[in-house]
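**Q** got a sequence here, can you model it:
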Amino acid sequence: MDKRIIGSILIIFIGLSLVFMGYLEAAVGDGKVVYGNTTAPTNEPKTRDYTVSSGNWGASSNLSAANTTINRVIVKANPQIDEYVAGVVTTTGPTLYVYTYSGGSWSQSWSTSVPSSVYNVFDIEFEQNSGDCLVVYSNGRTTNELSYRKRVDGVWDSSSTNLESNRTTGVVRFIELEPRPNSDEIALVFSDANSDLSAFIWDGSSWGSEPAAALSTSLDLGTVRSFDVAYEQVSGDVLVAYSLPNGTGGCGLAVKLAGETTWTNSG
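**A** Take a look at the predicted model:
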């Protein structure tokens, strides 16, 4: 075969490979936004897609209707596949509605009552290895005060499971989930109306490692989220930072080392 023909074929092949690789990289970086709207219908969450290859946002579309105006929204992406889970809280009820994007379309998966549309009474997170999803929310009680539901292998639990904290005394107002990198572990930190703060660790199948005593019983304010949680990327140790009592200044720090079940608290 003529060397010029071979060279042309090789150039075409390389060119097609680069185009295909560029498409894959662009697809990984695409995203979605979910939001409430003041324009009617205010009870239908809206969503828009962002495409990296074009650098553009698509037109908005409506998800299935909730019962009334949407006050809070959280959306998280599955790190393993093209899947998203969104939660919205409405003012009537208040009610938490959970939506799932899978197979190229959104669906309303389940809903439940929550105690407030003002506070962050729920959170969503994915296990980083399995891609399974966990939703934790406040159910408005002071015993068995948390509830959660899992999505495992693409299927939601048929009902929620309660989770009892022995360290908080009031209705839970603020919830934060944080996934451990390269793991199925997820940290749950939460505070209540009495300014109590506690935590659990999800190991991929069950909850454990609640501190022997509340991380705090006197957060600076019970009306804002005055704590945060993060994992060290290499060690897997988890750190919780929180506000000290009003007028004290500074913050308290609680640490749980990877592989251990106890916490060290400097507050």
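
**Q** give me the beta-bridge partners of the closest residue to G154 other than its chain neighbours?
**A** Nearest non-adjacent residue to G154, counting by CB to CB, 6 or more residues apart in numbering: S102, 6.6 Å away. No exception for glycine: its C-beta is placed from N, CA and C like everyone else's. S102 forms beta bridges with S105, as assigned by DSSP bridges.

**Q** let's number from 368 now, not from 1
**A** Let's use 368 as the start, then, which means that last one is S469.

**Q** S469 and V452 touch, don't they?
**A** No. The criterion here is CB atoms under 8 Å, and S469 misses it with V452 at 9.1 Å.

**Q** higher neighbour count, those two?
**A** V452 (24 against 16; other CB atoms under 10 Å).

**Q** which helices and strands does the host helix or strand of that one pack with?
**A** Using DSSP states H and E, V452 sits within strand 451-457. With contacts defined as 3 or more CB pairs under 8 Å, 6 or more residues apart in numbering; DSSP states H and E, strand 451-457 has these neighbours: strand 398-402, strand 437-444, strand 462-469, strand 489-493, strand 500-505.

**Q** which of those strands is buried the deepest?
**A** Comparing the helices and strands packed on strand 451-457 by mean neighbour count (mean count of other CB atoms under 10 Å), strand 500-505 ranks first with a mean of 24.

**Q** quick check: angle from it to strand 451-457?
**A** If you take axes from the mean of the first three to the mean of the last three CA atoms, to 10 degrees, strand 500-505 sits at 20 degrees to strand 451-457.

**Q** coming back round to it: could you list the paired strands of the strand holding V452 along with their orientation?
**A** strand 437-444 (antiparallel), strand 462-469 (antiparallel).

**Q** which residues are contacting that strand?
**A** Contacts to strand 451-457, defined as CB atoms under 8 Å, 6 or more residues apart in numbering, come from residues 399, 401, 403, 410, 412, 414, 430, 433-445, 462-468, 473, 476, 481, 483-484, 488-489, 491, 493, 500, 502, 518.

**Q** all good on my end, thank you.
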